[in-house]
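Q: Sequence plus predicted model, see below.
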Amino acid sequence: MPQPNDAELTRLVACSAGTEIPDDEPNTGSPGGAPAASFTLLLEAVAGSAIGNNAAPYILDLVCIDETLAAPNSTMSVPGVAQAFNGASGWTLAGGNFIKTESFSIPVPPGVAGHVFHYLATLVDQAGQVVSFIHSPPFILV
């Protein structure tokens, strides 16, 4: 748990579209069917009591790294999401801290079947300092 004036990204996982269950092949379609056109990226975070509802702005960056090509994939990245520590950005009080769960629908671009990926999320405060970062486990697209 964070100190009252801290925030942490605590979980970042790829899931099948519309679910919150981690999946290392998140775009696998139904048996015998085509691969899904998208998957869900699930992010969880916690903030201390002093910061979780103070409305301070921050930027959330979600960078997709194609491990197969050893390069970022801009199509699957979610850069520069402007948010604030308040209820409007999804922060809710729970047990003395504030928690947040947010999901992003990620489209699967053509030509990436068989590539291995991971995500890097950073939470950057209004002064440009990285407050927290987290890597997702690797996953493969089919």
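A: Cool, got the structure. Computed from a predicted structure; not experimentally measured.
Q: How many neighbouring residues does residue 9 have?
A: Burial measure for residue 9: 19 neighbouring residues, criterion other Cβ atoms under 10 Å. All C-beta atoms are positioned from the backbone trio N, CA, C, and that covers glycine.
Q: That one against residue 133, yeah?
A: Yes: if you go by Cβ atoms under 8 Å, residue 9 and residue 133 touch, sitting 6.6 Å apart.
Q: Give the phi and psi angles for the residue positioned nearest the centre of the chain, as a check.
A: The residue lying closest to the centre of the chain (Cα atoms, centre = their mean) is residue 43, at 3.9 Å. Backbone torsions for residue 43, taken as degrees, to the nearest 10, come to phi -120, psi 130.
Q: List the beta-bridge partners for it.
A: residue 12, residue 102 (DSSP bridges).
Q: sorry, back to before: any residues in contact with both of residue 9 and residue 133?
A: Common neighbours of residue 9 and residue 133, counting by Cβ atoms under 8 Å, 6 or more residues apart in numbering, are 121-123.
Q: Out of these, which is nearest to residue 56?
A: When these are ranked by distance to residue 56 (Cβ to Cβ), residue 123 comes first, at 11.3 Å.
Q: The residue of the chain positioned farthest from its centre and residue 103, how far apart?
A: In the chain, the residue that sits farthest from the middle, by Cα atoms, centre = their mean, is residue 32; the gap is 29.4 Å. Between residue 32 and residue 103 the computed distance is 27 Å (Cβ to Cβ, to the nearest Å).
Q: can you tell me which residues contact residue 6?
A: Contacts for residue 6 were tallied using Cβ under 8 Å, 6+ apart; they are 47-48, 51, 131.
Q: Let's see that with 6 Å instead.
A: Contacts here follow Cβ atoms under 6 Å, 6 or more residues apart in numbering; on that basis residue 6 touches residue 48.
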